[in-house]
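**Student:** got a predicted structure here, sequence first:
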Amino acid sequence: MSLLNEFDRRGLAETGQELHGFAADLYPICRSITGNGIRQTFESIGRRIPLRVTEVPSGTPVFDWIVPKEWNIRDAFIARPGGKRIVDFRCSNLHVMSYSTPVQATLSLSELKPHLASLPGHPDWIPYRTSYYEENWGFCLSHDQMLALQEGDYEVCIDSTLEDGHLTYGECYLPGRSTDEVLISCHSCHPSLANDNLSGITVATALAQLLSGQDLRYSYRFLCIPGTIGAITWLARNPEAARRIRHGLVLTCIGDAGGFHYKKSRRGDAEIDRAAAHVLRHYSESPEILEFSPYGYVERQYCSPGFNLAVGCLMRSVWGSFPEYHTSADNLNFVQPLQLAGSLRVCTAIMDVLENNRRYCSQNPCCEPQLGRRNLYRSTGGEGLGEETSARLWVLNFSDGEHSLLDIAERSGLPFASISDAAELLLEKGMLSLTEATTFDRSVAAQPRARF
Amino acid sequence: MSLLNEFDRRGLAETGQELHGFAADLYPICRSITGNGIRQTFESIGRRIPLRVTEVPSGTPVFDWIVPKEWNIRDAFIARPGGKRIVDFRCSNLHVMSYSTPVQATLSLSELKPHLASLPGHPDWIPYRTSYYEENWGFCLSHDQMLALQEGDYEVCIDSTLEDGHLTYGECYLPGRSTDEVLISCHSCHPSLANDNLSGITVATALAQLLSGQDLRYSYRFLCIPGTIGAITWLARNPEAARRIRHGLVLTCIGDAGGFHYKKSRRGDAEIDRAAAHVLRHYSESPEILEFSPYGYVERQYCSPGFNLAVGCLMRSVWGSFPEYHTSADNLNFVQPLQLAGSLRVCTAIMDVLENNRRYCSQNPCCEPQLGRRNLYRSTGGEGLGEETSARLWVLNFSDGEHSLLDIAERSGLPFASISDAAELLLEKGMLSLTEATTFDRSVAAQPRARF
Amino acid sequence: MSLLNEFDRRGLAETGQELHGFAADLYPICRSITGNGIRQTFESIGRRIPLRVTEVPSGTPVFDWIVPKEWNIRDAFIARPGGKRIVDFRCSNLHVMSYSTPVQATLSLSELKPHLASLPGHPDWIPYRTSYYEENWGFCLSHDQMLALQEGDYEVCIDSTLEDGHLTYGECYLPGRSTDEVLISCHSCHPSLANDNLSGITVATALAQLLSGQDLRYSYRFLCIPGTIGAITWLARNPEAARRIRHGLVLTCIGDAGGFHYKKSRRGDAEIDRAAAHVLRHYSESPEILEFSPYGYVERQYCSPGFNLAVGCLMRSVWGSFPEYHTSADNLNFVQPLQLAGSLRVCTAIMDVLENNRRYCSQNPCCEPQLGRRNLYRSTGGEGLGEETSARLWVLNFSDGEHSLLDIAERSGLPFASISDAAELLLEKGMLSLTEATTFDRSVAAQPRARF
């Protein structure tokens, strides 16, 4: 089975348009780590893939944390008393610091200023700020707006609520032949930011659509959760599902024009790490493979030592490394259709590796089998052996029950798809048999357990 | 014992002349994977070293293959009816595609053309072609000849036979103190091609002559066999000998002017791989060490997963990478005496490593022994320690029963010969003892068995 | 505990002056591998740190060696009969070859010449020569002095004794909480040479002073011994102490202006090797890490296969690689206060790693603990996470009982001190627990035993 073939049936442009259209639908919604913005987002996703939404009450202890109060906002502005709105939540939901407590006051400019944030280096961009765990309120505005503020009184209004409610997360589970799971995780806690949020959500949703209805080796779990606290909450409530995760990817910032970055899991040599590196090497230009570090996105939680899951993080530009990060410039122009589609293609190719990475035994281990009489030798003609014949020889020689197809792809320098196609054909011709033990069983057995 | 010292007693030039002379003797013979050309070649070899010739009947099943019919040829030509021969087997045996079925016909140029091959890029070279497993006939000619062919009828004659007979291979076995074997394999299936065939045959023969009558640690088996089917046939018929092979080298294309290439065994870290890399690093300029791949020469069969023998392949220029490959330009000028002799010298140095690579225990493990009072310290004078004293210190410090002399040579950066000489002297002086377990026992034990 | 903080309380300049002053005190003394020069040196050291002096009788067998006769010298000169001294031991003790037998003679220039050594390349430097194991006498002089010698008779006097006596070494033992030891070794056998001897002695003495009275994890043994025979003698007489050595450093040539060189222990991956490499990478400019070789200083004896101790060698310029080596130009100008102090600082930082390199278990292994509510997140403010917060996250994520703090420092790229400070704080806050097995227990267990 090749998911990539499935993917490639549609044009990249068309797929990109659809991904971008979905991002555009979700863009205006004001999301935070809790609240109705997330629910509204999940409703949209739920119209595309089966999404089970879970509500966890505020105050629920989750490991070292506590599920926070739920925040909702209806409106917010700064205005001259009786005058026009100068800063208006209705123009951009970034104008209000996320988790701002309700305010209704008239303040002098000097009283107001400590609650204002702007970016002098990018005077027409609005920054994005949050204060989840310290009660506070604030406005974000462009530096041009900031400079235009004159001495005098201002009417300040944040029509928000911060009270006991729920933390909401969404899960899409696609059952496969095994209960072993592949986790695809994206965060859903950012408001109108396109790359740092929506790119992950839209690509993950489309990947789920692509996998849906396929005959899958693994079961797939798509998690759409608020950053940090969302992953912590899910892990605290789902220890058994967590234990079934064999491979995982966090998807974030995959819509911009940057080259791919893959951040390895804490294990560093997990199958997902090798699969992602292999795919990026063959399907993208000058990708960069980064070592694990304990900061970044939700992979920090999946890779905490008590879980140590084989979960890496796929990005184009790395969070914090591009100027548009956490500003209003991370908008629908920053994220382009073909970039989203390219990211989905890479994800699909990685899933192909996971789905097809098995170990085989050659039925002719002693000397080469005679490919010629089976019409398997140089069928494509041309100079040299050709990739097809070459892939067959590699698969036959290294199918000793020890080497996985990914091992063979790495050793041969050929793309996994060629190796996998060769194996499929040779299996069909009766020249290979599948070994019973699957790759991940070993890697799990080989994994040193943390001692707690 | 140093085979290299033995080798160096004669001048390189003289050795080269002898090697080249032998190649010149064998050059005119029309060899193929079966037939009388091979037998005639083996008679020549047999006058230099004891060669046991084996004949395997056509039709014998050997693993996935069947020993083919035997091919012999007496004459072949293309001529204008009643005219002079235009293409004449008597001028070059490359003119006839190997395994061509008999033909006696008059054909128009357009009927003839599908049976002709030439090299437009090298208009005065004759290509070399074969059709072992598909019955066919053909002529190879220079492109100049091709262009000179005018419309009209041609008399075409191939006076060959392709019928049940035998596949012939030759073996020279030199018994050593152990029944563990070193395999030296070269192919004997090419007609008048000097580098791609005769270089291997002549160097292997000379190496056998050099080893003959020496007190050898290992037993040596020299195999002179047709490519692919020859190795498959030998392996199918000699499973027990195959099991005794500890180290092996395929020799091919070692007469040209190129730098050395060593292609590693499938294991990649076998003692032969390390020995060859070490020797090339110290005894040749800018050698290249290549990873194993499942195409090339007969190493493909020795390294098939059911055998997985520690057999690498020593070349100068790599097959297919030089324009003269498989053309009439691979002739006796392309292969020079000093190049052949240099290759034999490298082979000899590799055998020295295999013969002498042992592990010792220092009899003075606690602190350095006092070399001065034994007259072993800086005996050569000069600035610094000198390589001799240095080699002694390395051997003494690392002779802990764990490090082999090759380990010590690699770690010290000194040539194996210096380390080996030091060990011999220190053993003589009673400062070392030989450990019982020999190196290869461990490497064999450590070798994961293919699961079939 | 941070020894480096302790060290840094005093200015580097002041520390340097003290080190250099001590070197200046010891400089005039004529030391050799035995004799009163060593005793006088130990008296000076003993006024700074508790030094136990051991006298081993000449003739005592020590492994493959025998403790030599004791050498003492009162005076020596070359003069014209009745004339002024031309070469005078009282001007420089380098003028007499160490271990010169007594001489009182009148010799012609040609009789004298075989006993003279000079350096034509550096005509105003006096070379340093010895003849410990072959009875002989000689003078070393500047090449200018050599050229000035005219034909004629010379009065030659070496007022030395070479007779049964003792070999003297000094030990300073600082007990710690564990009887496992750290060895600091320097050689004391060189006369007026500043870098190649006194730099090691003065830095080792100052390190002992710094450690003295501290609450130490390890016990520390400072050895001040003659080269080669001294280390052999100590090892032969102290097998049990040797067995307790977990980590060790030979200090030599650490006063010159060169960049640091660390020569690894024979093991190559011992904790001291990693600690020294880490510290040099973070605390010095372009350090070089050298592989072990069986020549150099006393590390050769500690790293002989029967001991195979984890002892490396810290140098600035490598012995033999600088022109001043073993000449009168290795004087008190060649060794500068700040260079000595910088070396002491590096040694201190290495000891900090050894003292604090432990493995911990996070008390919150499942998901990140909430640093914010403990006021542990980004306490220093500014852009990005900051090294402090980052170090805490690294320690928490990798404190799984498997990774030592040095592992974490290496993996994070952060200096050990930051990682260690973070661990100390987190331990204090109850967020870590110490694992029982300490690092070195494992590394010892993992160490293959030499088989003798």
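**Tutor:** Perfect, thanks for sending it. Values in this document were obtained by computation on a predicted structure and should not be read as measured data.

**Student:** roughly how far does A:Trp234 sit from A:Lys84?
**Tutor:** Separation of A:Trp234 from A:Lys84 (C-beta to C-beta, to the nearest Å): 44 Å. Glycine gets a C-beta too; all of them are placed from N, C-alpha and C.

**Student:** tell me which of the two has more neighbours.
**Tutor:** The residue with more neighbours, out of A:Trp234 and A:Lys84, is A:Trp234; 27 against 8, by other C-beta atoms under 10 Å in any protein chain shown.

**Student:** would the more buried one count as being in a helix?
**Tutor:** Yes - according to DSSP: H, G, I helix; E, B strand; the rest coil, A:Trp234 belongs to a helix.

**Student:** residues contacting the residue in the stretch 1-150 of chain A that chain C sits nearest to?
**Tutor:** Taking C-beta to the nearest C-beta as the measure, the stretch 1-150 of chain A has A:Asp64 as its residue closest to chain C, at 4.2 Å. Applying C-beta atoms under 8 Å, 6 or more residues apart in numbering or on different chains to A:Asp64 gives the contacts C:364, C:367-370.

**Student:** quick check, pLDDT for the closest residue to chain B within the stretch 351-452 of chain A.
**Tutor:** Chain B sits closest to A:Pro365 of the stretch 351-452 of chain A, with a gap of 3.2 Å, by C-beta to the nearest C-beta. Note for A:Pro365: predicted pLDDT of 97.

**Student:** next up, identify which helix or strand it is on.
**Tutor:** Element membership of A:Pro365, judged by DSSP states H and E, is empty: it is in no helix or strand.

**Student:** quick check: closest non-adjacent residue to it.
**Tutor:** Excluding the flanking residues, the one nearest A:Pro365 by C-beta to C-beta, 6 or more residues apart in numbering or on different chains is B:Gly306, at 3.2 Å.

**Student:** is the one you found in contact with A:Cys366, as I believe?
**Tutor:** Yes - applying C-beta atoms under 8 Å as the test, B:Gly306 and A:Cys366 come out as touching, 3.6 Å apart.

**Student:** now do the contacts for A:Pro191.
**Tutor:** Residues near A:Pro191 by C-beta under 8 Å, 6+ apart: A:29-32, A:37, A:93-94, A:98, A:128.

**Student:** swap the cut-off to 10 Å and go again
**Tutor:** By C-beta atoms under 10 Å, 6 or more residues apart in numbering or on different chains, A:Pro191 lies in contact with A:27-32, A:37, A:73, A:92-96, A:98, A:128, A:130, A:197.

**Student:** could you do A:Lys263 as well?
**Tutor:** A:Lys263 touches A:250, A:252, A:273, A:276, A:288-293, A:296-297, A:299, A:303, A:311-315, A:318, counting by C-beta under 10 Å, 6+ apart.

**Student:** one step back: which of the contacts of A:Pro191 fall in helices?
**Tutor:** Using DSSP state H, the subset of the contacts of A:Pro191 located in helices is A:Gly37.

**Student:** so what's the residue count around A:Gln363?
**Tutor:** Neighbours of A:Gln363 under the rule other C-beta under 10 Å: 17.

**Student:** looking at the closest residue in space to it that isn't next to it in sequence now. What's its pLDDT?
**Tutor:** Of all residues not flanking A:Gln363 in the chain, A:Met431 sits nearest, at 5.3 Å (C-beta to C-beta, 6+ apart). A:Met431 is assigned a predicted lDDT (pLDDT) of 98.

**Student:** write out the residues of the stretch 201-350 of chain A neighbouring chain C.
**Tutor:** Residues of the stretch 201-350 of chain A lying close to chain C by C-beta under 10 Å from any C-beta of the partner chain are A:228-229, A:231-236, A:239, A:242, A:266, A:268, A:291-295, A:298, A:300-308, A:320.

**Student:** around chain B, pick out the residues from chain A.
**Tutor:** Listed as neighbours of chain B in chain A under the rule C-beta under 10 Å from any C-beta: A:359, A:361-374, A:377, A:383-385, A:389-390, A:392-403, A:408, A:411-413, A:431, A:433, A:435.

**Student:** out of those, list just those in strands.
**Tutor:** Members of the residues of chain A next to chain B lying in strands (criterion: DSSP state E): A:359, A:361-362, A:400-403, A:433.

**Student:** Produce a ChimeraX select command limited to the buried residues of these.
**Tutor:** In ChimeraX, a selection of the buried entries from those looks like this (16 or more other C-beta atoms under 10 Å in any protein chain shown):
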select /A:359,361,362,400,401,403
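
**Student:** about what we covered before: just the buried residues of the contacts of A:Pro191.
**Tutor:** Among the contacts of A:Pro191, the ones that count as buried by 16+ other C-beta under 10 Å are A:27, A:29-32, A:37, A:73, A:92-96, A:98, A:128, A:130, A:197.

**Student:** what sits against A:Asp124?
**Tutor:** Neighbours of A:Asp124 in contact, by C-beta under 10 Å, 6+ apart: A:142-145, A:327-329.

**Student:** of all the residues in chain A, which one is nearest chain C?
**Tutor:** For chain A, C-beta to the nearest C-beta, closest residue to chain C: A:Gly306, 3.2 Å.

**Student:** would you mind giving the secondary structure of that residue?
**Tutor:** Strictly by three-state DSSP, A:Gly306 counts as coil.

**Student:** now do the contacts for it.
**Tutor:** If you count contacts by C-beta under 10 Å, 6+ apart, A:Gly306 has them with A:63, A:235, A:239, A:242, A:450, A:452, C:362, C:364-367, C:400.

**Student:** pull the helix or strand with minimum mean pLDDT from chain A.
**Tutor:** In chain A, no helix or strand scores lower on mean pLDDT, DSSP states H and E than helix A:439-446, which sits at a mean of 41.

**Student:** residues in contact with stretch A:428-435?
**Tutor:** Residues outside stretch A:428-435 that contact it (C-beta under 10 Å, 6+ apart) are A:358-364, A:369, A:371, A:374-376, A:392, A:395-396, A:399-402, A:404, A:422-427, B:64, B:451-452.

**Student:** now, of those, which are buried?
**Tutor:** Listed as buried from the contacts of stretch A:428-435 are A:358-364, A:369, A:371, A:376, A:392, A:395-396, A:399-401, A:404, A:422-427, B:64; burial here means 16+ other C-beta under 10 Å.

**Student:** now the residue nearest the centre of chain A, nearest residue through space, not along the chain?
**Tutor:** Centroid check for chain A by C-alpha atoms, centre = their mean gives A:Leu251 as the closest residue, at 1.3 Å. Nearest in space to A:Leu251, with sequence neighbours left out and distances taken as C-beta to C-beta, 6+ apart, is A:Gly200 at 4.1 Å.

**Student:** residue contacts, that neighbour?
**Tutor:** If you count contacts by C-beta under 10 Å, 6+ apart, A:Gly200 has them with A:184-188, A:190, A:224, A:249-255, A:297, A:314-315, A:343.

**Student:** at 6 Å instead, please
**Tutor:** For A:Gly200, the contact set (C-beta atoms under 6 Å, 6 or more residues apart in numbering or on different chains) comprises A:186, A:251-252.

**Student:** of those residues, closest to B:Arg47?
**Tutor:** Nearest to B:Arg47 among the contacts of A:Gly200: A:Leu251, at 72.6 Å, using C-beta to C-beta.

**Student:** ok, A:Leu119 touching A:Pro127?
**Tutor:** Yes - the criterion here is C-beta atoms under 6 Å, and A:Leu119 meets it with A:Pro127 at 5.1 Å.

**Student:** and the contacts of A:Gly306 as CSV, adding distance to C:Ser178?
**Tutor:** Shown next, in CSV, are the contacts of A:Gly306 (distance: C-beta to C-beta, whole Å):
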residue, distance to C:Ser178
A:Phe63, 36
A:Leu235, 39
A:Pro239, 39
A:Ala242, 40
A:Ala450, 26
A:Phe452, 26
C:Ser362, 25
C:Asn364, 29
C:Pro365, 28
C:Cys366, 33
C:Cys367, 35
C:Asp400, 24
